[in-house]
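Colleague: predicted model follows, preceded by the sequence.
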Amino acid sequence: MAEEAKAIAIGETDARIEALNKALVSADERTAAFLQAMSEDAVRVAGDKVFVLKDDKSLDPVSGIETPMPEDAEDVISNNRMRGELDSALASLRLFSRDDHIRGEAIKVMQSDADESRLALIEKAYATEKNQDLKEALGLVRAAALLSSADASKRLQAATLLAQSTQANTKTLLLERLKTETDAAVKAALGASLKSVEASLAWGDRLGAMFSGISLGSILLLVALGLAITYGLMGVINMAHGELMMIGAYATYVVQGLFQKYLPGAFDWYLVASVPVAFMTSALMGAVLERSVIRFLYGRPLETLLATWGISLVLMQLVRTVFGAQNVGVENPSWMSGGVQVLGNLSLPYNRLVIIGFAVAVLLGVAWLIGRTRLGLFVRGVTQNRPIASCMGVNTARVDTYAFALGSGIAGLAGCALSQVGNVGPDLGQGYIVDSFMVVVLGGVGQLAGTVYAAMGLGILNKLLEGWTGAVLAKIAVLVFIIVFIQKRPQGIFAMKGRSAEA
């Protein structure tokens, strides 16, 4: 071991890498500890002796016993190539960990850096692997290592096996090998495998774009749902809707701070507590705005637009005064970190999946409230024919306040959700107000189903176009589509029903 440590630490890079690969065949815990120290620049050399630094002590790499280190000991210098080999070697040693997650991460590292020199170690790990999914992934790493073999039959076998891969780095590996391959049969197999891998990656890209579109659509749905209620019921062009959403996001930030200070052990549950707080904060603010300003401007859409725009500026300045002009950090709970790996180039983040589920839950809650409760009955009655509803004894002024508060509270829920996927700052609402109005108008004013179709349709369309044209042109194309659609069908996807729609 002493000679192996010296050979790995001193000499030309090629010789050191060769010694490193030899040491891996019979590696033990001491080997792993020495390689980790090499990776951390904690190895020194004095003459023909090697020392490992740990906790301000110099240790012998073989025995681990503390050994005095001469004052003239020099640092071991490793270039980028050597560092890459050390990282790959450490990953290969983690193939024997008892933790499935650690072995999986090691396999991912080796997928982009597998060569025939590590084949013996990979074969050993492949033979002992019990997890079937990891065994299949390790089999692809084994095939990638065989691809650099001098034996044409092994390269042919590897090329055939790699056709099953869904990893982007496999495509790179096949392309590089195609440039240098001389055997015709192997070259043909490499070409066939490359087509198969590209097809798998293309599906991953398509599914990824669809998921991104659904994710964006769920956010647009949350943002536009409250606006659909207030705009559909009262005809109020509420330009402060984005700022009500911002208030929900800042309420989430405040709850996070309280949990960090007073309940650090329950921090993972702060987001659950933030949902009702965000709803109530924005709902109360909406009720105050409706009672103090908006109720005096019904039937005057231009004045309402200007007033709510002014209110939005006031709310933004208020937030800047209280929280500062800079964005604030809102953390994901641990259960929203990470994601589900569906394909090699497709991972579904947990935070996006949770937001999609949250949007569905909010939609079902609003649908139940509008369709099954007394308040919902009054809201539908006032929306369809306000004078007749008033004649029937409905307190329309109170319904307006409740409905505006409900729409504002839903905006607060949207802010709570957005805090988990983007920055929280005073300008948060400005990026969504135009999109939310487009969703409401496209879906049909006051129509819940239309809002759902419009939000999901615009989200998916926007993400699909982004892949072809880029973000800016995609946004322009979507806007042009909405303008043309509204020209042809002014009532939106779903027209309002009732006598008021004929007026």
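Modeller: Perfect, thanks for sending it.
Colleague: where is the longest helix in this protein?
Modeller: Scanning the chain for the helix with the most residues, using DSSP state H, yields helix 184-234.
Colleague: just after that one, pick out the following helix or strand.
Modeller: The element immediately downstream of helix 184-234 (helix or strand, assigned by DSSP states H and E) is helix 241-262.
Colleague: mind listing what's buried along that next one?
Modeller: Within helix 241-262, the residues scored as buried using 16 or more other CB atoms under 10 Å are 241-256, 259. In this view, the C-beta of every residue, glycine as well, is placed from N, C-alpha and C.
Colleague: please save the CA atoms from it in CSV.
Modeller: Only the C-alpha atoms of helix 241-262 are listed here, as CSV (Å, rounded to 0.1, in the frame of the first residue of the first chain):
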residue,chain,number,x,y,z
HIS,A,241,-54.7,41.6,-8.3
GLY,A,242,-51.0,40.9,-8.8
GLU,A,243,-50.2,42.8,-5.6
LEU,A,244,-52.8,40.8,-3.7
MET,A,245,-50.9,37.7,-4.9
MET,A,246,-47.6,39.4,-3.7
ILE,A,247,-49.1,39.9,-0.3
GLY,A,248,-49.8,36.1,-0.1
ALA,A,249,-46.2,35.4,-1.0
TYR,A,250,-44.9,37.8,1.7
ALA,A,251,-47.3,36.2,4.2
THR,A,252,-45.7,32.9,3.4
TYR,A,253,-42.3,34.5,4.0
VAL,A,254,-43.4,35.8,7.4
VAL,A,255,-44.7,32.4,8.5
GLN,A,256,-41.4,30.9,7.4
GLY,A,257,-39.5,33.4,9.6
LEU,A,258,-41.8,32.6,12.6
PHE,A,259,-41.2,28.9,12.2
GLN,A,260,-37.4,29.4,11.9
LYS,A,261,-37.4,31.4,15.1
TYR,A,262,-40.0,29.7,17.3
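Colleague: following the chain past that helix, name the next helix or strand.
Modeller: helix 270-292.
Colleague: other SSEs contacting that next one?
Modeller: Applying 3 or more CB pairs under 8 Å, 6 or more residues apart in numbering; DSSP states H and E, we find helix 270-292 packed against helix 241-262, helix 396-418.
Colleague: tabulate those (TSV), appending mean pLDDT and distance to residue 146.
Modeller: Shown next, in TSV, are the helices and strands packed on helix 270-292 (pLDDT from 0 to 100; distance: least, CB to CB, whole Å):
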stretch	mean pLDDT	distance to residue 146
helix 241-262	93	50
helix 396-418	90	47
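Colleague: how about TSV for those, with distance to residue 477 added?
Modeller: Output for the helices and strands packed on helix 270-292, formatted as TSV (distance: least, CB to CB, whole Å):
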stretch	distance to residue 477
helix 241-262	23
helix 396-418	24
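Colleague: ok, which of the ones you listed comes nearest residue 335?
Modeller: helix 241-262 (14.4 Å; CB to CB).
Colleague: packing partners for that closest one?
Modeller: helix 184-234, helix 270-292, helix 301-323, helix 396-418, helix 433-443.
Colleague: chain center to it: distance?
Modeller: Relative to its chain's centre, helix 241-262 lies at 21 Å (CA atoms, centre = their mean, to the nearest Å).
Colleague: go on, stretch 84-95?
Modeller: In terms of CA atoms, centre = their mean, the centre of stretch 84-95 is found 28 Å from the chain centre.
Colleague: can you check stretch 345-363 too?
Modeller: 10 Å.
Colleague: what comes up buried for that stretch?
Modeller: Result for stretch 345-363 [16+ other CB under 10 Å]: buried residues 345-346, 348-356, 358-359, 362-363.
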